[in-house]
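Visitor: 3D model of this:
(chains A and B)
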There are 2 protein chains.
Amino acid sequence: MIVETLAVGTELLLGQIVNTNAAEIGERLAVAGLTHRQQTVVGDNLGRMVDAIALAMSRSDALIITGGIGPTADDVTREAICLATGRSMAYSDEYAEDLRARWERRGRAMPTSNLRQAEYPEGGELLANPKGSAPGVYIEHANTMIFALPGVPAEMLPMIDAEVLPRLRAAAGDQGALVSRVIRTFGESESAVGELLADIFAESSNPTVAFLASSSEIKIRLTAHAVNEEAARALIAPIEAIVVARLGHRIFGYDEDTIERGLATRFLDRGWTIGTAESATAGSISSRLTSQPGSSAWFRGGIVAYHEDIKVGLLDVSPMTIDKHGVVSEAVAIEMAVGARRVLGVDVAVSVTGSAGPDPLGQEVGTMIIGVATPDGARARTVRWPGDRERIRTYTTTAALHMVRLAVDGVWWETS
Amino acid sequence: MIVETLAVGTELLLGQIVNTNAAEIGERLAVAGLTHRQQTVVGDNLGRMVDAIALAMSRSDALIITGGIGPTADDVTREAICLATGRSMAYSDEYAEDLRARWERRGRAMPTSNLRQAEYPEGGELLANPKGSAPGVYIEHANTMIFALPGVPAEMLPMIDAEVLPRLRAAAGDQGALVSRVIRTFGESESAVGELLADIFAESSNPTVAFLASSSEIKIRLTAHAVNEEAARALIAPIEAIVVARLGHRIFGYDEDTIERGLATRFLDRGWTIGTAESATAGSISSRLTSQPGSSAWFRGGIVAYHEDIKVGLLDVSPMTIDKHGVVSEAVAIEMAVGARRVLGVDVAVSVTGSAGPDPLGQEVGTMIIGVATPDGARARTVRWPGDRERIRTYTTTAALHMVRLAVDGVWWETS
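Guide: Here you go, the predicted structure:
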């Protein structure tokens, strides 16, 4: 099954927005085992759209179009499909009624132009858009399946999952279930994870094993095909068990888990609170921790101790420790974490001191020290990252969240 | 001059990376007054590349290819150009020597495969790549200008500016200079800025006027064509003067300026220091302020006062003020800023208290209050943003930086 995608929108060609849709759809097609042949972007231009649709019909089994199905005059996807397939335009009274009712419920009169959204190429069908007002369109013509979806990602992606992928997989003769399980790790490189799982990668074909790196995280994706979901899960389970046994505490979550959510669960389970003492990361750890709704149940606050005076004055770091070890030192990181635990009245405190450049502060630029204090004690670890200031700070922030996870799980004390 | 772009890379089709190159190139083409007809992505597949190149030659004046010019076997852009144009492959002894010398300077033996980078289609020329080892290729065939550039943005974009755009503009008969000036504003919507400048937008054709919205910032881009850069600047100057007079303190910078850099300049000029007291934004303002190298000269630290206890205990906010006005109130924001100024020993302190959801804290979700204290006094302002938690926090952080700018400039006290 050869699939291609076509994004419509002059603002994409002008560089005013980035085409993230192409990547999101591409990843879903790959997971479904479908071939993404090519991706095209054209402007809101009827002639060029017709050319692009005709070309796709000549070489691919399916075409997914995103954008150009709204109510305004420059939304010409429906017209372009009609012209490319030689069909006339049909009109859904039912959908028009539905649109009118929506506007009525909001107490407003509907602009007539919105009725364009009830049009569709003859012989096609409208696809439900649960997150918006413009329905999608599906039509089969000359052995090509053509889908037209909204350009807004929040509307488009659920329609890919609910409407497009099931039809494509059925047409590909894939009647069974496709289940993916993502195992998320931190702390090893992609090549190190690959080596730990080399035999599984080489030998397992169902589930397939894929490694995906995104910044400092490595994901292992297991994807199984079977007659139904239960059978697919049964194929995944033994391989997943091996992966989990080998990767151990490197694993911080599964599927859509994030480290922030993993920490939230841990703190709520234990009834613990956390606070921060940040120098080089300057609030980034606090900001990440509180990206979780409901974080006020376990996050109390932090001290951004950028200047030495603040470390000494607000966190009770000893000037003698700074003199003896330097401000970028494990001793200072530990005193910062211990001080934050007391000053903020929290169970766990995480600290960072380091040099993100340009001033090396007595250490190589990129040297970052992360401290964690818990009711069980305090420890620090030195990490070094390559790259620019922003990258160093982002990596350190992520690493600090993982060190908190390990410390709360009681693993750090064994492994370092 | 009709230009199209072709990105090569299976990882783009699989959704492992997002095609930001297309947007960056698109924006540059738009500024240069060139038409970006279409954008295509294909995998590392010789046949599909040849098809895409042939098609582009049939309909466009120029084709910019990104990716596929590295040393490995899956880099097939050079071969694809040869096949699509019916040319044989030439070899640059000079570039091969240059490559060998580079590797020698790094004290390493060059893998033979790297010599592929010295190959180019007969009749073409190599384009210098100052940021990397793979040279670009330029060839003209059947009235189409074909450029092949690296896929890595940091290598590719300087080559667009230095090699591609001058050739395209010359071919378009545009021998003169093209100068852009970007005026960056904050605090008004795109439509409000558009209304303030409606007559200029309608009447000025050289320079052209474009409005660009990126999150909460609105940019006005003036682009002039003239015989030389000086003449182009002279065309921009009077229009820029009008824009500046009308937009006044909404303007925070020009061209590549950022609000963070603008603040750094102000603090250094005045010899002032700054600190933060953040509740809802929880360290995001500190993190943004310290994204600037050298920020330790003027940023001292902050208190992330998420829990009420921290506001009272570390920032000396009065429990009576919280009882009377609620924790999300201008009175509390002012006490937080005044407290931070004293506790952190800084000249300027900025504070935030608000509800990013889900707990409304006695206010509508999305209500954010920003306080600023300077040697001249303290003030607070209430803002309300739509959207989700992350968006609300990001907008508030940006707005807080701008409120600091206005306060330091002494403007806030007049306008609010």
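Visitor: my read: residue A:57 touches residue A:63, true?
Guide: Yes. At 7.0 Å, residue A:57 and residue A:63 qualify as touching, with contact defined as C-beta atoms under 8 Å. In short, each C-beta sits where N, CA and C put it, glycine included.
Visitor: who's more crowded, those two?
Guide: Neighbours were counted for residue A:57 and for residue A:63 using other C-beta atoms under 10 Å in any protein chain shown; residue A:63 has more, 26 against 20.
Visitor: let me see the confidence value for that one.
Guide: Per-residue pLDDT puts residue A:63 at 98.
Visitor: name the nearest residue to the residue of chain A found nearest chain B, sequence neighbours excluded.
Guide: Among the residues of chain A, residue A:283 lies closest to chain B, at 2.5 Å counting by C-beta to the nearest C-beta. Nearest residue to residue A:283, sequence neighbours excluded (C-beta to C-beta, 6 or more residues apart in numbering or on different chains): residue B:283, at 2.5 Å.
Visitor: contacting residues around the one you found?
Guide: By C-beta atoms under 8 Å, 6 or more residues apart in numbering or on different chains, residue B:283 lies in contact with A:276, A:278, A:282-287, A:290, A:302, A:304, B:302, B:304.
Visitor: ok, residue A:92 next?
Guide: Going by C-beta under 8 Å, 6+ apart, the list of residues near residue A:92 reads A:118, A:119, A:120, A:126.
Visitor: likewise for residue A:35?
Guide: Counting by C-beta under 8 Å, 6+ apart, residue A:35 touches A:1, A:2, A:3, A:29.
Visitor: separation between it and residue A:171?
Guide: If you measure residue A:35 against residue A:171 using C-beta to C-beta, to the nearest Å, the figure is 13 Å.
Visitor: please enumerate the shared neighbours of these two.
Guide: residue A:1.
Visitor: interface residues of the stretch 201-350 of chain A facing chain B?
Guide: A:212, A:276, A:278, A:281-287, A:289-291, A:293-296, A:299-307, A:309-310, A:314, A:343-345 (C-beta under 8 Å from any C-beta of the partner chain).
Visitor: so the residue nearest to residue A:113 when sequence neighbours are not counted: helix, strand or coil?
Guide: Using C-beta to C-beta, 6+ apart and skipping the chain neighbours, the partner closest in space to residue A:113 is residue A:71 (4.9 Å). Following DSSP: H, G, I helix; E, B strand; the rest coil, we place residue A:71 in the coil state.
Visitor: near residue A:71, how many other residues are there?
Guide: Other residues near residue A:71 come to 16 when the count uses other C-beta under 10 Å.
Visitor: of the contacts of residue B:283, which belong to helices?
Guide: Counted as lying in helices by DSSP state H, out of those, are A:284, A:285, A:286, A:287.
Visitor: quick check: which element contains the most centrally placed residue in chain A?
Guide: In chain A, the centroid-proximal residue (C-alpha atoms, centre = their mean) is residue A:256; its distance is 7.9 Å. Using DSSP states H and E, residue A:256 falls within no helix or strand.
Visitor: against residue B:107, how distant is it?
Guide: In terms of C-beta to C-beta, residue A:256 sits 46 Å off from residue B:107.
Visitor: next: residue A:182.
Guide: To residue B:107, residue A:182 is 41 Å away according to C-beta to C-beta.
Visitor: pick out whichever of these two has more residues nearby.
Guide: Neighbour count, other C-beta under 10 Å: between residue A:182 and residue B:107, residue A:182 has more, with 17 against 6.
Visitor: who are the contact partners of that one?
Guide: By C-beta under 8 Å, 6+ apart, the contact set of residue A:182 is A:219, A:220, A:221, A:222, A:254, A:255.
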